[in-house]
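Engineer: Here you go, sequence then predicted model.
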Amino acid sequence: MTYPKIPLAQTVIQLCKTKGIKHIVISPGSRNAPLTIGFTHDNFFKCYSIVDERCAAFFALGIAQQLQEPTAVVCTSGSALLNYYPAISEAFYSDIPLVVLSADRPKHLVGIGDGQTINQKNVFENHILYSANLKLDLKDEKHVPAHEELPIFKNLEDKFERLLGLQKDIQTHNEEEINTAINFAKIKKGPVHINVPFDEPLYEMVDKLSVAPKAIESTIKTEVIEDYVLQSCFEDWNASSKKMILVGVNEPNQIEQKWLDELAEDDSVIVLTETTSNIHHSSFFPSIDKLIAPLSESEKLQLQPDILVTFGGLIVSKKIKQFLRKYQPKHHWHINNKMANDTFFCLDNHFKNTPNEFFKTFLPRVTHYVKSNYKSTWTAVKQHRTKRHKAYMAEIPFSDFKVFNSVLKSIPNDYILQSGNSSTIRYTQLFKIHKSIEVFCNRGTSGIDGSTSTAIGCAVASEKPTVFVTGDLSFFYDSNALWNNYIPKNFRIIIVNNQGGGIFRILPGHKNTENFNTYFETNHDLNAEYLCKMYGFKYESACNEDELKNILESFYSNGDEPKLLEVFTPKLINDEVLLNYFEFIK
């Protein structure tokens, strides 16, 4: 087998292999050549070449999101590394294990005006679980360490002994740092940064390893909930007639059905879910905005819970956040292994556990169901809203709202739906999604910047077919995502093109002015047809309901290339249709 000659590169690669990091996303460069040589010459690794580092990082994020295993990105020195930052921040807030391997100049060449050189040490410190700054190997007796590391030699023999000892110290330090970083990514679920300095020559290869790095394992410590805390919670739970469970971003199949069924049987409990919650039960309350938005002040007081239990990631619905901040529960408990956000400014218990383990411990010890009309009252409201929703859909013109209704109904069972951010995920929240469809969205930072790249990474890693639904600005912003040689033929993209940032028409502010059109909505006349020709997608478009219906009938059928459907909607009525919806469904 072929290996890079540099021991540090060998150490990084061998520890990635030992730790089971199989997927390696590489962006081309020179300084990272030792890592590229090592990863691409070992059949254990599945390597991908993605030129644009921002796209590469989000592509890797999509792989890690699906596999829930660390995925590595490899780049050269300089500004290349900074292009990873959007995906790193998303991984940080979405608990996705991403391992960043950045090549760097030697320490003595940083800060002297050398090309393609920036201060890479701890560059992501505000959005990273761990930063490992490795040390340069001592190549031979001619190597000159940085001035502060330079030892004093008595004679030639002392020189070789000291250098040998220094190299052993360097090797030990590097192994410990690499192990620690990867363990953080695996156990704490998030991004880590390993900065790897290389000196020239960079391209030398050998056929034998010169190092045998040791893997250091780390174990997950499960925190036991103190019995007195549980007892206090039982007392509050059993005394409360209004309990609300709110689920944010949640991986599919994380909670046993029997615990969901038990929650559904309790008349004092309502479970609010989002599209990204990936939890389904006929007694639960999806489409939160549909429930909350039309409420009067007196109705909001009736809905106000005594106890709020939350789990999962960040919440999409702005309306539920506003509601619970104003009508705060007496108690807010959050269930999460890592941390608890005090989103509603009333958090009083953080259970460091998985939701499944918490309910497994908690629900069997609940002594009785409290007599309550809490669920029945709001179930009646939900049923009324559903009827009004159907009536509204029958009378509105062709618009974004109408398109999302058709598109979301068209998705075949057992697909993965990757949603773009902004208006896309908010429209999606208003519709029922079949329980076999798994839904993902980059809600950690809620940015539009890497949604397409993430969706493609997901499609590559998942055995299920993937459809990506997005808005036009998000798609064009990340159009380099299509510069990718690994896109499956069954991958589908649907763009809802309303010629700008349509969500800004829904928000407060002056509309239909030159300033608004240019600086907020960002009007444009772009379409994706020529991008599809360049990148090998089959392109289709629709401008009305009949065209959309006809195309969707065959859109998911097998073909020789991935497909993209662009749906053009009339931007000037979209905001009116959406805002009128919440009034109509009262």
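Structural biologist: Perfect, thanks for sending it.

Engineer: in stretch 294-311, what's buried?
Structural biologist: Buried residues in stretch 294-311, defined by neighbour count with 16 or more other C-beta atoms under 10 Å: Pro294, Leu295, Leu303, Gln304, Pro305, Asp306, Ile307, Leu308, Val309, Thr310, Phe311. Any C-beta I mention is one placed from the backbone N, CA and C, and that applies to glycine too.

Engineer: ditto for stretch 453-460
Structural biologist: Quick answer for stretch 453-460 (16+ other C-beta under 10 Å): Ser453, Thr454, Ala455, Ile456, Gly457, Cys458, Ala459, Val460.

Engineer: With stretch 342-361 instead?
Structural biologist: For stretch 342-361, by 16+ other C-beta under 10 Å, it's Thr343, Phe344, Leu347, Asn349, His350, Phe351, Lys352, Asn353, Thr354, Pro355, Phe358, Phe359.

Engineer: do stretch 520-537 as well
Structural biologist: In stretch 520-537, counting by 16+ other C-beta under 10 Å, buried: Phe520, Glu521, Asn527, Ala528, Leu531, Cys532, Tyr535, Phe537.

Engineer: that older thread, closest one of the buried residues of stretch 453-460 to Val269?
Structural biologist: Cys458 (32.9 Å; C-beta to C-beta).

Engineer: Please report phi then psi for the closest one.
Structural biologist: Cys458 adopts backbone torsions of phi -60, psi -50, taken as degrees, to the nearest 10.

Engineer: I figured it was touching Ser419, is that so?
Structural biologist: No. Checked against C-beta atoms under 8 Å, the pair Cys458 and Ser419 is beyond contact range at 11.3 Å.

Engineer: who touches both of these two?
Structural biologist: Phe440 (C-beta atoms under 8 Å, 6 or more residues apart in numbering).

Engineer: got the contact list for the residue most central in space within the chain?
Structural biologist: For the chain, the residue nearest the mean C-alpha position is Asn442 (4.3 Å; C-alpha atoms, centre = their mean). Contacts for Asn442 (C-beta under 8 Å, 6+ apart) come out as Phe58, Leu61, Glu90, Ser94, Asn421, Gly450, Ser451, Thr454.

Engineer: repeat for Ser557
Structural biologist: Taking C-beta under 8 Å, 6+ apart, one finds nothing in contact with Ser557.

Engineer: Likewise for Glu529?
Structural biologist: Tyr539, Ser541, Glu566.

Engineer: If we use 10 Å, what do you get?
Structural biologist: Phe537, Tyr539, Glu540, Ser541, Leu564, Glu566 (C-beta atoms under 10 Å, 6 or more residues apart in numbering).

Engineer: ok, the fourth one - how many residues close by?
Structural biologist: Look at Ser541: counted by other C-beta atoms under 10 Å, it has 17 neighbours.

Engineer: how about it, what does it touch?
Structural biologist: 495, 497, 527-529, 547-548, 551, 564-568 are the contacts of Ser541 under C-beta under 10 Å, 6+ apart.

Engineer: quick one on the thing from earlier: just the buried residues of stretch 520-537: which are in helices?
Structural biologist: Counted as lying in helices by DSSP state H, out of these, are Leu531, Cys532, Tyr535.

Engineer: which one of those residues sits closest to Glu200?
Structural biologist: Using C-beta to C-beta, these come closest to Glu200 at Tyr535, 35.9 Å.

Engineer: Quick check: the closest one vs Gln418, distance?
Structural biologist: 18 Å (C-beta to C-beta, to the nearest Å).

Engineer: Low-confidence stretches in the stretch 401-550 of the chain?
Structural biologist: 501-512, 517, 519 (pLDDT under 70).

Engineer: For it, which segments count as strands?
Structural biologist: 416-419, 438-441, 466-471, 492-497, 538-542 (DSSP state E, counting those that start in this stretch).

Engineer: Ile170 is nearest to which of these?
Structural biologist: Comparing the strands of the stretch 401-550 of the chain by C-beta to C-beta, strand 438-441 comes nearest, at 41.3 Å.

Engineer: Residues contacting the closest one, please?
Structural biologist: With contacts defined as C-beta under 10 Å, 6+ apart, strand 438-441 is touched by 62, 65-66, 94, 249-253, 274-278, 313-314, 316, 411, 414-421, 424-425, 428, 433, 451, 454-455, 458, 462, 464, 466, 468-469.

Engineer: wait, which of the contacts of Ser541 is closest to Asp114?
Structural biologist: Ala528 (41.0 Å).

Engineer: Over to the spatially closest residue to the closest one that is not a sequence neighbour: give its phi and psi.
Structural biologist: Take Ala528 and drop its neighbours on the chain: the residue closest to it by C-beta to C-beta, 6 or more residues apart in numbering is Glu566, 5.2 Å away. Backbone torsions of Glu566, given as degrees, to the nearest 10, read phi -110, psi 120.

Engineer: Look at Ile118 and tell me its secondary structure.
Structural biologist: Following DSSP: H, G, I helix; E, B strand; the rest coil, Ile118 is assigned to coil.

Engineer: State the pLDDT value of it.
Structural biologist: pLDDT recorded at Ile118 is 93.

Engineer: Excluding covalently adjacent residues, which one is nearest to it?
Structural biologist: Gly78 is the one closest to Ile118 (C-beta to C-beta, 6+ apart), at 5.6 Å.

Engineer: thinking again about what came up before, of the strands of the stretch 401-550 of the chain, give the one that comes closest to Leu166.
Structural biologist: Going by C-beta to C-beta, the one of the strands of the stretch 401-550 of the chain nearest Leu166 is strand 438-441, 47.5 Å.

Engineer: Go through that closest one and flag the buried ones.
Structural biologist: Those would be Glu438, Val439, Phe440, Cys441, for strand 438-441 by 16+ other C-beta under 10 Å.

Engineer: and the two most separated of those residues?
Structural biologist: Going by C-beta to C-beta, the pair spanning those furthest: Glu438 and Cys441, at 11.3 Å.

Engineer: The stretch 1-150 of the chain: strands as residue ranges?
Structural biologist: According to DSSP E, counting those that start in this stretch, the strands that the stretch 1-150 of the chain contains are 3-4, 23-26, 46-49, 71-75, 98-104, 130-133.

Engineer: Can you add mean pLDDT and give the ones you listed back as JSON lines?
Structural biologist: Formatted as JSON lines, the strands of the stretch 1-150 of the chain follow (pLDDT from 0 to 100):
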{"stretch": "strand 3-4", "mean pLDDT": "96"}
{"stretch": "strand 23-26", "mean pLDDT": "98"}
{"stretch": "strand 46-49", "mean pLDDT": "98"}
{"stretch": "strand 71-75", "mean pLDDT": "98"}
{"stretch": "strand 98-104", "mean pLDDT": "98"}
{"stretch": "strand 130-133", "mean pLDDT": "98"}
